[in-house]
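In: Predicted model, plus sequence, below.
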Amino acid sequence: MAGESKGMRGRQTVRDMVLSMLAVGVVVGIGYAFLPHDAKGDGVRVVSYTVEASTAKRAAPYPVLSPQGLSDKWRATSVSYRAAALGEGKGNAWHLGFVTPSGQYAAIEQSDLPREAVLADKVSGGKPDGTSEVAGRTWDRVQGDKARALTVQNGGGTTVLTGTASYEELAELAQSLT
């Protein structure tokens, strides 16, 4: 009789362990399904920017530009709008960053600060590199130490498209701006 009770207890312990593992597996599966993760498996966390763009367009003292019609190979990775704080001298700033189809970085940087201040902040060692005609506008090209940029003045603001992306990809981004 003592041997039967010991054997039954052993089976219950194994059964309890299996049930516990199944319960943990269900919790992990639910967590995986509902937590954001990288669908392409390359470590890029994609963000949505439509709400932030709408908010920035209402708040900014210049026309905020955001892309329309870019292919899904352009993946937004960062977005922010910072309103100018009195006395800080930092100005209003819109930022939208992407991983481009070629795997490089490109960003839209807009501010009501002077063009030279925005360029100095966003394109280290930037030197003039000619111009590009995109969407009926002339954009100044700037080549920096590690990044390049296309820049234009628009309605009281400075727009800088910058990153490690090629001028061609920056021009594609410029073409999409509305």
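Out: Received the coordinates, thanks. Numbers count the residues shown, from 1 in each chain.
In: tell me which helix or strand of the chain sits lowest on mean pLDDT?
Out: Sorting the helices and strands of the chain by mean pLDDT, DSSP states H and E puts helix 2-34 at the bottom, at a mean of 71.
In: ranges for the helices of the protein?
Out: Along the chain, the stretches classed as helices by DSSP state H are 2-34, 50-59, 115-122, 167-176.
In: Looking at those helices, which is nearest to residue 145?
Out: Comparison of the helices of the chain against residue 145 by CB to CB identifies helix 115-122 as nearest, at 12.1 Å. Heads up, the C-betas are built off the backbone N, CA and C, glycines and all.
In: gap between that closest one and the chain center?
Out: From the chain centre to the centre of helix 115-122 is a distance of 20 Å (CA atoms, centre = their mean, to the nearest Å).
In: Show residues contacting it.
Out: In this structure, residues lying in contact with helix 115-122 by CB atoms under 8 Å, 6 or more residues apart in numbering are 107, 109, 111, 126, 142, 147, 149, 151, 153, 158, 160, 162.
In: got a list of what the fifth one touches?
Out: Which is residue 142. 119, 123, 126, 127, 128, 129, 148, 149, 150, 151.
In: Please identify the most buried of the helices of the chain.
Out: helix 167-176 (a mean of 19; mean count of other CB atoms under 10 Å).
In: and that one, what other elements does it pack with?
Out: strand 105-111, strand 127-134, strand 137-143, strand 148-154, strand 157-163 (3 or more CB pairs under 8 Å, 6 or more residues apart in numbering; DSSP states H and E).
In: Let me have those in a markdown table, extended by distance to residue 78 and mean pLDDT.
Out: Shown next, in a markdown table, are these (distance: least, CB to CB, whole Å; pLDDT from 0 to 100):
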| stretch | distance to residue 78 | mean pLDDT |
| --- | --- | --- |
| strand 105-111 | 8 | 97 |
| strand 127-134 | 23 | 97 |
| strand 137-143 | 21 | 97 |
| strand 148-154 | 17 | 94 |
| strand 157-163 | 11 | 96 |
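In: Pick the most buried one from those strands.
Out: Most buried of the helices and strands packed on helix 167-176 by mean neighbour count (mean count of other CB under 10 Å) is strand 157-163; its value is a mean of 25.
In: tell me what that one is packed against?
Out: Against strand 157-163 (3+ CB pairs under 8 Å, 6+ apart) you get strand 105-111, helix 115-122, strand 148-154, helix 167-176.
In: nearest to residue 136, of the ones you listed?
Out: Nearest to residue 136 among the helices and strands packed on strand 157-163 is helix 167-176 (10.1 Å), distances taken as CB to CB.
In: Not counting its own residues, what contacts the closest one?
Out: 67-70, 74, 98, 100-102, 104, 106, 108, 132, 134-135, 137, 139, 141, 148-150, 161-163, 165.
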